[in-house]
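*Asks:* how does the following fold in three dimensions:
(one chain, ligands or ions: 1)
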Amino acid sequence: MKMRLSVRLLSSVVQKRPFYITTPIFYVNAAPHLGHLYSAVVADAIQRFEKLLNPDCNVIFSTGTDEHGTKVQQAAAKANLPLQEYCNNISKEYRDLFRDFEVDYTDYVRTTEDRHKKAVRHFWRKLVKNDYIYKAKYSGWYSVNDEAFVPETHTKDEITEDGKVKVSIESGHRVEWTEETNYMFRLSAFKTHLQEWLKTDGVIQPNKFQKQLQEFLSSSTYFPDISVSRPSSRVHWAIRVPDDEEQSVYVWLDALVNYLTVTGYPDEDVMKTRRAWPPDVHVVGKDILKFHGIYWPAFLMAAKWHPPRRIVCHSHWTVDGNKMSKSLGNVVSPGTVPATSALRYMLLREATMADDANYSETKLINIANSELADTLGNLTSRATGAALNPRGEFPALHTHELAECMSKHVTADLLDRLDRLPDICHQHYTNYQFYKVVDSVIHVLHLTNLFFETMKPWDLKKKSECQKELDVILHITLETLRICSIILQPIIPGMANKLLDKLQIPKDSRYWQHCEKPSWRVQGSIFETKNIQSGKFVLFQRIYADKKKMQKKIASG
Ligand code: MSP
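*Replies:* Below you'll find the model as predicted:
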């Protein structure tokens, strides 16, 4: 009895810690747009790659909504809805968005939930107890839009319809002179600690953003404490400061604590069981890097918690060359683009982390048609369709015909590239370079199409004595598609799995290890003919520009 108990205890102690990854929590002051979706799909692709590599790994993937503050107050008033109802509606829009775009989170946290409020109050008390919070009179330029005070040196004058106004240089949002009593956080005490932390190799990815933070710290001779509360009279939709109803917790402090809430904080027993802290990856956009790369680690150090292991920072999406904004009327709502099913692909296929990317409808349609419909979809339909593959098979390999086929240039090129593909893509995934993963896969698929065209399987089909040669061509093509689909799962999970289903690849044979070697490299294995799923296969329905125009015409009546 005693022994069994200790074995049980031991197994929970040695259980591997989970992989904990987060998205920012999204403001509910407006409906989700393309940029928000991007933060979420980047995080989702990272966690899917992790699971692909380590099937046994327990992933905690958290997302959610940031529901307090002036902006939300204003938005609810404008929508003429009670605050909580307004928040519920937009929070649900985010959940729906994530369902539609295959963002497979495990935890959804809302800052209006009791568990979160409890975490924030506890965290606040900890900062007070450790003497990092004090009360002071504060005055400065405040941006409601950014929910932040902006140093005078970071503002500029601008002439608008309302006359001369001050705006934040960084965000372009208007700032107003504000004087109030606040609680302050001793950020200044952490400058050296932050500089040390920022020396950690790869702690902020890509390196460009790590350098930016380092330069920000080394160049600022003035590194002041920050205000972490607002008068409740002004910001009433907020968590009250413990033991002081007059003050509300600053929305950014409130929001950042969500990452702790998910781990069970402040219940240390739950935290010990989950073993999630510190997070492995926070995914953030460049506009909120300072909050995550300066404020958050400082708050954590003050509360005696480890800072995150890594922050992956991405750049922004512009639309037809412009910043997305309500006033320009160019905000792209993910549900309204043509080819929604290709949008996730395009977001990950086009953008690099370090530089802004540009969205246009034409680009989306072109990419979807040429890569998903033609290069990947069409090849699959041909290799599995009744004309060339009437028995619906993933045919066996015939050694002699395989050797013959391999002696041809076009085959050798393809197989050589296919051999190297998994390693190359592994490296790109590890560097969060999704566009390079797709580039490499598409290159192999172009070679496969070329191989297919050159080998003319339709001619072989006409001659019964050439069945074995035809089998080899089909086998090589289907094997390439299998490998490419496994690799593409983090980018287009739905489509990749549809393709793997078509090839009848068992669910437990879709991990990274299963893409590392093509069948002809697996020593001693005999690949026998297997059945594939019957029926016509369409991976992605091509979009015709005319049809799109017609659809638009119908919609506009
Ligand atoms: N609520 C804060 C985050 C708190 S996390 C403790 C917030 N929310 S947000 O809704 O404004 O932004 C969420 C994410 O969307 C951020 O990562 C932001 O960078 C991203 N994007 C918003 N617009 C964007 C683009 N135009 N392009 C790419 N991503 C951008 O900030």
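
*Asks:* give me the number of residues near the closest residue to the ligand within the stretch 351-500 of the chain?
*Replies:* Scanning the stretch 351-500 of the chain for the residue nearest the ligand gives Asp356, at 7.8 Å (criterion: C-beta to the nearest ligand atom). The way it works is simple: take the backbone N, C-alpha and C, and place the C-beta from them, glycine included. By other C-beta atoms under 10 Å, 14 other residues sit near Asp356.

*Asks:* can you show me the helices along the stretch 251-400 of the chain?
*Replies:* Ranges of helices within the stretch 251-400 of the chain are 251-256, 258-261, 268-274, 289-290, 296-302, 340-350, 361-367, 379-384, 399-406, based on DSSP state H, counting those that start in this stretch.

*Asks:* rebuild the ones you listed as CSV, extending it with mean neighbour count, distance to Tyr432 and mean pLDDT.
*Replies:* Compiled in CSV, the helices of the stretch 251-400 of the chain are given as follows (neighbours: other C-beta atoms under 10 Å; distance: least, C-beta to C-beta, whole Å; pLDDT from 0 to 100):
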stretch, mean neighbour count, distance to Tyr432, mean pLDDT
helix 251-256, 24, 22, 98
helix 258-261, 25, 19, 98
helix 268-274, 12, 25, 94
helix 289-290, 18, 15, 97
helix 296-302, 22, 20, 98
helix 340-350, 21, 10, 95
helix 361-367, 16, 20, 95
helix 379-384, 21, 28, 97
helix 399-406, 15, 35, 92
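
*Asks:* now for those helices, which one comes closest to Pro334?
*Replies:* helix 340-350 (6.0 Å; C-beta to C-beta).

*Asks:* residues making contact with that closest one?
*Replies:* 34, 37-38, 41-42, 45, 100-102, 317, 334, 337, 357, 359, 363-364, 367-368, 371-372, 434-435, 438, 491-492, 494-495, 540 (C-beta atoms under 8 Å, 6 or more residues apart in numbering).

*Asks:* now the farthest one out in this structure, which residue is it?
*Replies:* Computed with C-alpha atoms, centre = their mean, the residue of the chain farthest from its C-alpha average is Glu465, at 51.0 Å.

*Asks:* so that residue lies in a helix, does it not?
*Replies:* Yes. With DSSP: H, G, I helix; E, B strand; the rest coil as the criterion, Glu465 is part of a helix.

*Asks:* which residues does it contact?
*Replies:* Applying C-beta under 8 Å, 6+ apart to Glu465 gives no contacts.

*Asks:* can you list the weak-confidence ranges in the chain?
*Replies:* For the chain, applying pLDDT under 70 flags the ranges 1-15, 545-557.

*Asks:* the ligand contacts on that one?
*Replies:* On the criterion C-beta under 6 Å from any ligand atom, the ligand has as its neighbours in the chain the residues 24-27, 35-36, 38-39, 66, 255-256, 258, 284-285, 287-288, 316-317, 324.

*Asks:* using the three-state scheme, assign Phe540.
*Replies:* Under the three-state scheme (three-state DSSP), Phe540 adopts coil.

*Asks:* buried residues in the host helix or strand of His446, which are they?
*Replies:* Per DSSP states H and E, His446 falls inside helix 434-455. Buried residues in helix 434-455, defined by neighbour count with 16 or more other C-beta atoms under 10 Å: 434-438, 440-442, 444-445, 447-449, 451-452, 455.

*Asks:* that older thread, looking at the helices of the stretch 251-400 of the chain, which is closest to Thr70?
*Replies:* Taking C-beta to C-beta, helix 251-256 is the member of the helices of the stretch 251-400 of the chain nearest to Thr70, at 8.2 Å.

*Asks:* contact partners for Phe49?
*Replies:* Applying C-beta under 8 Å, 6+ apart, the residues near Phe49 are Tyr429, Pro490.

*Asks:* how close does it sit to the ligand?
*Replies:* Phe49 sits 19 Å away from the ligand, going by C-beta to the nearest ligand atom, to the nearest Å.

*Asks:* quick one, phi psi at that residue?
*Replies:* Main-chain dihedrals, Phe49, degrees, to the nearest 10: phi -60, psi -40.

*Asks:* Arg521: how many residues sit nearby?
*Replies:* Arg521: 11 neighbours (other C-beta under 10 Å).

*Asks:* sorry, slip of the keys, the one I care about is Gly264.
*Replies:* 18.

*Asks:* quick one: it and Met271 touch, right?
*Replies:* Yes. Gly264 is within contact range of Met271, at 4.7 Å (criterion: C-beta atoms under 8 Å).

*Asks:* does His428 sit in a helix, a strand or a coil?
*Replies:* Per three-state DSSP, His428 ends up helix.

*Asks:* helices along the stretch 451-557 of the chain, start to end?
*Replies:* For the stretch 451-557 of the chain, the helices defined by DSSP H, counting those that start in this stretch cover 457-461, 467-488, 493-502, 545-555.

*Asks:* would you format these as TSV with mean neighbour count and distance to Glu393 included?
*Replies:* Formatted as TSV, those follow (neighbours: other C-beta atoms under 10 Å; distance: least, C-beta to C-beta, whole Å):
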stretch	mean neighbour count	distance to Glu393
helix 457-461	16	13
helix 467-488	23	8
helix 493-502	19	12
helix 545-555	10	34
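
*Asks:* nearest to Pro231, out of the ones you listed?
*Replies:* Proximity to Pro231, assessed across these by C-beta to C-beta, is greatest for helix 493-502 (46.5 Å).
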